[in-house]
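Peer 1: pasting the structure only:
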């Protein structure tokens, strides 16, 4: 394999995920940034960082937009350029990709990318409404569709077509909570049983409470630089060797087949091609388990298993910590939490820890190649990145 | 002069600006895109365009986010990557810069950049509140500061320090309305007199109604490609030779001097350096006249005149259509209108028309070099681009 490095991660930071009472987005982002700065003493943030790319889904939760300039100011990094990117729950995946493009452009050498979201001060009703911004206003939101309802349609179609069972959905939740119980930054660090999952209350049939990811506060960031200079900053950079992004229809009703999320497959194809890597080469992956069915479909779309086989794939144990390809070692959106704008770079943070041997009790031994898959809405946006420890 | 071309504009489109009753952002954007496609018959949008970058300030006006994926879908361009950028009123300036970076990265050859905003269905109160999202929630919004109030502080400080007069502010409005009266796409195509401006009602002293730009609906876009292949698409590309962006504090209260908008000067310095161009070389410029005082300060920050001389500079007539450096030939935000997310690429659209001799009754004869200056908030973000007809 010979995937060229597009950029290198020289540091990364993650706030605690959870209900961060009394803290606003700007303060939450600072705690992620502080970790990234502390982790890389060779970096002089004020001198070295030349651009900021910040993912955030919506300004409405805190009545605060212009998050790029806001974060630059609160980090003491102005006057450097800073911009917010929004691709629904893939907002910081988009920020990561923008940072990679900026470095590849030659305009800048070192940038910070990240994301943040403040959600837990909202009622569940308001948070659901807020998230619905990412679906089609005219033909989904107005008709009362929320994301749990939209993913319930997807889950039901998958169950009908491929005989996927509720137990298989629940197995995703059980695995991710097991992983999350080992992640000190996870929102809910607690194992659950398959019975608990199967007996939890219905949210949108067939999806139950434990099929849904968490409403969390949190922030994440990465420091990226040109691959050629990465070792100036750290002995253990992680290289980004593939980036892929694809769009699908804004409305679910426009799609021929509810059981596929084609944008994942298209983004992955591009990233695999660029990285000269295939699904069998992966040692670890973080995928977008906003609902358990999304993780099952992402297995299929990423080529970890065949179409329709996601349900049996989770049951086979191959995505467990000791399986062939551990998935969502962080706990995923389900257990680590899902502060939407922070999720894309939080996935990359986990892969960075894994590939540099810093993942503690959830370390995948000898992990060399990792993947992140970040979804916006019901797959209207998909962003996939591939990472390598050595090039 | 030898500024290297970073990217080339091969086509551009602009919707009518104004109160576009019954049309939503997606439909407004289509009319801008249609013009860009029609103008460039050699372009096969579905085949050639590889990425979309869409500026939009806020999703709250239409309860619709995920604008990148939405626009890709409505243009029939999915599955290409598409993302929304937000930097307040500089959102599509940021989209333009992202498009330039994407092309320079080598990942894509041809992209569409643009912006859109739907505002006129909101009450003036709601629109003012919506715009306030871009200031500091904690120490501006909560205390009742709106942008008219914030720019009023800036204007008052400028008047006190530099003896700038209300007549000079009004002269900006008179000039821009005169130019806008010749722009068939302008929101208000009507000349005004200095007396009308000076007698219009106070909005936030010293700013009067005619010192404020318009609340408009509108969209704008550009098709960019690698400079080397531009002539495949058109005999008359316009080259982007400089891009600069800078951030200032999110709150006005953090600044030492209210009379400067330093981020403009910093963004301009970077763009001038890259383009190997100075203010004296410019033939035409579009600057961010969200309030008349902003145009006066931008003259100073761009180096068109000395610090504190913006008031006498507008009175000297040098920025009129027949002056040394015509500014806001389109009518500017004041007369053409200010659908905030659309403004950055609408400024570039005007420069594209000017440099290709397509500006009709407001053509600056023989214009070869142009500049756009796009402001986010009260200068928390500034983005400057420089354009050349020939390289």
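Peer 2: Alright, I've got the coordinates. Since the model is a prediction, treat every value here as computed from it, not as a measurement.

Peer 1: the spatially most central residue of chain A sits in which helix or strand?
Peer 2: In chain A, the centroid-proximal residue (C-alpha atoms, centre = their mean) is residue A:344; its distance is 3.4 Å. In this assignment (DSSP states H and E), residue A:344 forms part of helix A:343-355.

Peer 1: could you do residue A:31 as well?
Peer 2: Residue A:31 belongs to helix A:25-39 when assigned by DSSP H and E.

Peer 1: about what we covered before: just confirm the residue nearest to the centre of chain A contacts residue A:373, I think it does.
Peer 2: No - using C-beta atoms under 8 Å, residue A:344 makes no contact with residue A:373, being 9.6 Å away. (Each C-beta comes from the backbone N, C-alpha and C, glycine too.)

Peer 1: what residues are shared contacts of these two?
Peer 2: residue A:383 (C-beta atoms under 8 Å, 6 or more residues apart in numbering or on different chains).

Peer 1: okay, now the residue lying closest to residue A:344 once chain neighbours are set aside: neighbour count?
Peer 2: The shortest distance from residue A:344 to any non-neighbouring residue, by C-beta to C-beta, 6 or more residues apart in numbering or on different chains, is to residue A:93 (3.1 Å). Neighbour count of residue A:93, defined by other C-beta atoms under 10 Å in any protein chain shown: 35.

Peer 1: and residue A:223, which of the three is it?
Peer 2: strand (DSSP: H, G, I helix; E, B strand; the rest coil).

Peer 1: in this structure it contacts residue A:38, no?
Peer 2: No - Residue A:223 is beyond contact range of residue A:38, at 11.6 Å (criterion: C-beta under 8 Å).

Peer 1: for the two, indicate the residue with more neighbours.
Peer 2: Neighbours per residue (other C-beta under 10 Å) separate residue A:223 from residue A:38, with residue A:223 holding more: 29 against 11.

Peer 1: tell me what that one is bridged to.
Peer 2: residue A:11, residue A:112 (DSSP bridges).

Peer 1: do you know the pLDDT at it?
Peer 2: For residue A:223, the pLDDT comes out at 98.

Peer 1: got a list of what it touches?
Peer 2: A:9, A:10, A:11, A:12, A:36, A:40, A:43, A:49, A:110, A:111, A:112, A:233.

Peer 1: give me that answer again for 7 Å
Peer 2: The contact partners of residue A:223, by C-beta atoms under 7 Å, 6 or more residues apart in numbering or on different chains, come to A:9, A:10, A:11, A:36, A:40, A:43, A:110, A:112.

Peer 1: and what of residue A:326?
Peer 2: Listed by C-beta under 7 Å, 6+ apart, the contact partners of residue A:326 are A:284, A:319, A:320, A:364.

Peer 1: narrow those to those in strands?
Peer 2: residue A:284 (DSSP state E).

Peer 1: narrow the contacts of residue A:326 to just the buried residues.
Peer 2: By neighbour count, with 16 or more other C-beta atoms under 10 Å in any protein chain shown, the contacts of residue A:326 hold A:284, A:319, A:320, A:364 as buried.

Peer 1: picking up where we left off before, helix, strand or coil for the residue nearest to residue A:344?
Peer 2: Residue A:93 ends up helix, using three-state DSSP.

Peer 1: now the helix or strand of chain A with the lowest mean pLDDT, how far from the centre of its chain.
Peer 2: Every helix and strand of chain A was ranked by mean pLDDT, DSSP states H and E. The lowest is helix A:124-132, at a mean of 92. The chain centroid and the centroid of helix A:124-132 are separated by 19 Å, computed with C-alpha atoms, centre = their mean, to the nearest Å.

Peer 1: buried residues in the helix or strand just after that helix?
Peer 2: Scanning forward in sequence from helix A:124-132 by DSSP H and E, the next helix or strand is helix A:147-162. Neighbour counts over helix A:147-162 (16+ other C-beta under 10 Å) mark A:147-159, A:162 as buried.
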